[in-house]
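A.B. asks: sharing a sequence plus its predicted fold:
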Amino acid sequence: MRLQGRIAAITGGALGIGRATARLFAAEGATVALGDVDVAGAEAVAKEIVAGGGRALAVGMDVGDAGQVRDFVDRVVSELGRLDVMFANAGIAHSAPFLEHPEAEWHRVLRVNLSGVFFCCQAAARQMVRQGGGRIIATASINGFRGVENLVGYNVAKAGVIELTKTLAVELAKHHIAVNAIAPAQIDTRLTRSLPEEARRRRVDRIPMGRFGDVDEVARAALFLASDDASYVTGHTLAVDGGYLAGGLWSR
């Protein structure tokens, strides 16, 4: 019960990594607030948690809207009393060659994946300063370290999240707020399961461990960063990637 009595907010909590993390945090004793544009999906996850004996709240919100993010944090504090952990996890992607990349998709991806993380971190940090500390975790990506083709907006946003994590860690340490990020590689989700078999094989060939990761493996990394086990860790981006960054692009 590493999060016993703590209040954790998770954006993008309706599916994938967000859902797995919400379920794990709740199992470890946290009360979980799920924020997602897919409010029905978030409510379904909250019901799963409550059915298992946990406590959860679902809120419809768009992380790219600073006002909605502030309202989300205000509601969490109003209904649950405080905010101990913010997991800024919501994200989207658009795939297109750079020369053909639509301007609208560039703005849309950065709005959610970078500005959305900034808004979540800022709103959470303001509350955490008032209460004397907390933990902030952001979802970055291995794409923030590597120039993966056809994902220019996504790559740039995730690189920005990595630098945002470092900057906030430096500024917020005096307030007893730790700020870290997680950089997943290929994770087995509904999105990656829809890829053609040949595309999946090529991606697996780039991973030294020879497989996609599981959402629960990312959730366990988030649990570590949210818990007292990471009491002296801040400004770090933890790769959960099966060795991808260590091995580079290779073929097994």
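C.D. replies: Received the coordinates, thanks. These numbers come from a predicted model, not from an experiment. Residues are numbered from 1 along each chain as shown.
A.B. asks: residue boundaries of the helices in the stretch 1-150 of the chain?
C.D. replies: 16-27, 39-51, 66-80, 103-110, 116-131 (DSSP state H, counting those that start in this stretch).
A.B. asks: closest to Asp214 out of the ones you listed?
C.D. replies: With Cβ to Cβ, the closest approach to Asp214 among the helices of the stretch 1-150 of the chain belongs to helix 16-27: 8.2 Å. For glycine as for every other residue, the C-beta is placed from the backbone atoms N, C-alpha and C.
A.B. asks: now the closest one, how far from the chain's geometric center?
C.D. replies: Mean C-alpha position of helix 16-27 versus that of the full chain (Cα atoms, centre = their mean, to the nearest Å) differs by 11 Å.
A.B. asks: try stretch 205-225
C.D. replies: For stretch 205-225, the gap between its own C-alpha mean and the chain's C-alpha mean amounts to 13 Å (Cα atoms, centre = their mean).
A.B. asks: alpha carbons of it, as CSV, please.
C.D. replies: Included here for stretch 205-225 are C-alpha records, laid out as CSV according to Å, rounded to 0.1, in the frame of the first residue of the first chain:
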residue,chain,number,x,y,z
ASP,A,205,13.1,-5.8,-34.3
ARG,A,206,14.3,-2.5,-32.9
ILE,A,207,13.8,-3.6,-29.2
PRO,A,208,16.6,-5.6,-27.6
MET,A,209,14.1,-7.4,-25.3
GLY,A,210,12.3,-8.6,-28.5
ARG,A,211,8.7,-7.6,-27.5
PHE,A,212,6.3,-4.8,-27.0
GLY,A,213,5.9,-3.6,-23.4
ASP,A,214,2.8,-4.0,-21.4
VAL,A,215,0.8,-1.1,-20.0
ASP,A,216,1.2,-2.5,-16.5
GLU,A,217,5.0,-2.3,-16.8
VAL,A,218,4.6,1.5,-17.4
ALA,A,219,2.1,1.8,-14.6
ARG,A,220,4.7,0.2,-12.2
ALA,A,221,7.2,2.8,-13.2
ALA,A,222,4.7,5.5,-12.4
LEU,A,223,4.0,3.9,-9.1
PHE,A,224,7.7,4.0,-8.2
LEU,A,225,7.9,7.7,-9.1
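A.B. asks: Val170 touches Ile177, doesn't it?
C.D. replies: No: if you go by Cβ atoms under 8 Å, Val170 and Ile177 don't touch, sitting 11.0 Å apart.
A.B. asks: which of these two has more neighbours?
C.D. replies: Ile177 (22 against 12; other Cβ atoms under 10 Å).
A.B. asks: which of the helices of the stretch 1-150 of the chain sits closest to Ala90?
C.D. replies: The stretch from those with the least distance to Ala90 (Cβ to Cβ) is helix 116-131; that distance is 5.9 Å.
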